[in-house]
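Undergrad: Sequence plus predicted model, see below.
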Amino acid sequence: MKVLFIINPKSGTNARGTLEQLIAEQAALDDFTYVIHKMRSRDEEWAILQDIDACSPDIIACAGGDGTVNLLARLLNGKSIPLAIIPTGSANGMARELRIENINTALKTLIHGRKKKIDLLSINGKICVHLADVGLNARIVKRFEHGTSRGLFTYARHLFSEVFLLRKYTFYITHDLQEVTFRAVSLTFANASKYGTGAVINPTGKLDDGKFELVIVKPFPQRKLLSIVWKMFNGTLDTSEYVRVISCEKALIYSNRRTVLQVDGEVIGKTKHIRIEMIHQALTVIMPEQLKG
């Protein structure tokens, strides 16, 4: 068994030396060989593909955050090589979705986990593994990109700053040959169910059902913010009077004003037009054996 580790040393607070030591210990324990590719920038698709061709790995393990996972998903889209995720980023939403809570769990899952085919999304031609959105959360992600601190408290600070602005949009949505219009402050395109913080944006989300959800958050009074956040953290957001969830296979969206689009924690830019298509069972991931579904 050969594993190719793709390590993003700039991701989150990864202690590179410690991780490499843990990899060596796990390799000795589980009797696998490995190669390590250390990323130097985000634009390393060609170098990673060369390493894949050179070492012909049985598994590719990605050590980083959601942005690094997205990079590997783009390269492995439609291929049979399974992807394992080691959460070392500032945002580890996809790892959390698979209940891979820490590095030790991830390394044990490499050999003893189970393989599962999951869906991907194509959003304006960009691959999305986890979650994408426009509006409120996307602007918070943009604040993260320009800031130096990370974590839940930083997210909360940015959230409260944005809520006082609470920009509103009109979204014209065509999904599966149906047309609807919503006034909203946020629109999420959800392949998965939860953010890296543990907040559940899409309670009905499944990674392999051939569908994604549009989660529409309508304008709400500021006094309702804590109630909405509470529902997100206890998994009942879809019961809020200010939320509508639509399950679909493809969608075309037009916004009355340009808005920031983020995909898997990376800001793509501002846009008015969004095209989303489901790519069914396009990526194989490795998850803990005890996780069902």
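TA: Done, it's in.
Undergrad: can you pull the contacts of the residue lying closest to residue 194 once chain neighbours are set aside?
TA: Among residues not flanking residue 194 along the chain, residue 200 sits closest, at 4.7 Å (C-beta to C-beta, 6 or more residues apart in numbering). Heads up, the C-betas are built off the backbone N, CA and C, glycines and all. Neighbouring residues of residue 200 by C-beta atoms under 8 Å, 6 or more residues apart in numbering: 193-194, 232-235, 237.
Undergrad: what do you get if the cut-off is 7 Å, keeping everything else the same?
TA: For residue 200, the contacting residues are 193-194, 232, 235, 237, by C-beta atoms under 7 Å, 6 or more residues apart in numbering.
Undergrad: same question, residue 97
TA: Remark: with contacts taken as C-beta under 7 Å, 6+ apart, residue 97 is in contact with 130, 192-194, 207.
Undergrad: So residue 19 sits against residue 64, correct?
TA: No: in this structure, residue 19 sits apart from residue 64 without contact. The criterion is C-beta atoms under 7 Å, and the distance is 10.6 Å.
Undergrad: more neighbours, the two?
TA: Ranked by neighbour count (other C-beta atoms under 10 Å), residue 19 and residue 64 place residue 64 first, with 28 against 19.
Undergrad: where do the strands sit along this structure?
TA: Taking DSSP state E as the test, the strands found in the chain are 2-7, 33-38, 59-64, 83-87, 114-123, 126-128, 131-135, 169-175, 178-184, 186-190, 212-217, 243-248, 250-263, 266-287.
Undergrad: Quick one: distance of the last one to the chain centre.
TA: A distance of 9 Å separates the C-alpha centroid of strand 266-287 from that of its chain, computed with C-alpha atoms, centre = their mean, to the nearest Å.
Undergrad: Any idea how many residues pack against residue 54?
TA: A count of nearby residues for residue 54, using other C-beta under 10 Å, gives 10.
Undergrad: For it, give its distance to residue 4.
TA: 9 Å (C-beta to C-beta, to the nearest Å).
Undergrad: Show the contacting residues for the residue nearest to residue 133 when sequence neighbours are not counted.
TA: By the measure of C-beta to C-beta, 6+ apart, the closest residue to residue 133 outside its immediate chain neighbours is residue 188, 4.1 Å from it. Counting by C-beta under 7 Å, 6+ apart, residue 188 makes contact with 131, 133, 137, 201-202, 215.
Undergrad: now swap in residue 249 and tell me
TA: Contact criterion C-beta under 7 Å, 6+ apart gives 176, 210-211, 278 as the residues in contact with residue 249.
Undergrad: Which member of those residues is positioned nearest residue 69?
TA: Top of the list for closeness to residue 69, among these and by C-beta to C-beta, is residue 278 at 18.4 Å.
Undergrad: For the residue nearest to residue 133, list each beta-bridge partner.
TA: residue 133, residue 215 (DSSP bridges).
Undergrad: got a pLDDT number for it?
TA: The per-residue pLDDT reported for residue 188 equals 95.
Undergrad: Between the two ends of stretch 35-55, how far is it?
TA: For stretch 35-55, the separation between the terminal residues is 8 Å (C-alpha to C-alpha, to the nearest Å).
Undergrad: outside of that stretch, which residues touch it?
TA: Contacts to stretch 35-55, defined as C-beta under 7 Å, 6+ apart, come from residues 2, 4-9, 20, 75.
Undergrad: Now list the buried members of these.
TA: Those of the contacts of stretch 35-55 that meet the buried threshold are 4-9, 75, by 16 or more other C-beta atoms under 10 Å.
Undergrad: In JSON lines, list the residues you listed along with pLDDT.
TA: Putting those into JSON lines (pLDDT from 0 to 100) gives the following:
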{"residue": "4", "pLDDT": "98"}
{"residue": "5", "pLDDT": "98"}
{"residue": "6", "pLDDT": "96"}
{"residue": "7", "pLDDT": "94"}
{"residue": "8", "pLDDT": "90"}
{"residue": "9", "pLDDT": "83"}
{"residue": "75", "pLDDT": "96"}
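Undergrad: Pick the one among these closest to residue 221.
TA: For these, the residue nearest residue 221 by C-beta to C-beta is residue 8; the value is 40.8 Å.
Undergrad: Next up, phi/psi of that closest one, please.
TA: Summarising the backbone geometry of residue 8 under the convention degrees, to the nearest 10, its torsions are phi -100, psi 100.
Undergrad: how near is the nearest residue to it once chain neighbours are set aside to residue 3?
TA: Ranked by C-beta to C-beta, 6+ apart and with sequence neighbours excluded, the top spatial neighbour of residue 8 is residue 64, at 3.5 Å. Between residue 64 and residue 3 the distance, using C-beta to C-beta, works out to 15 Å.
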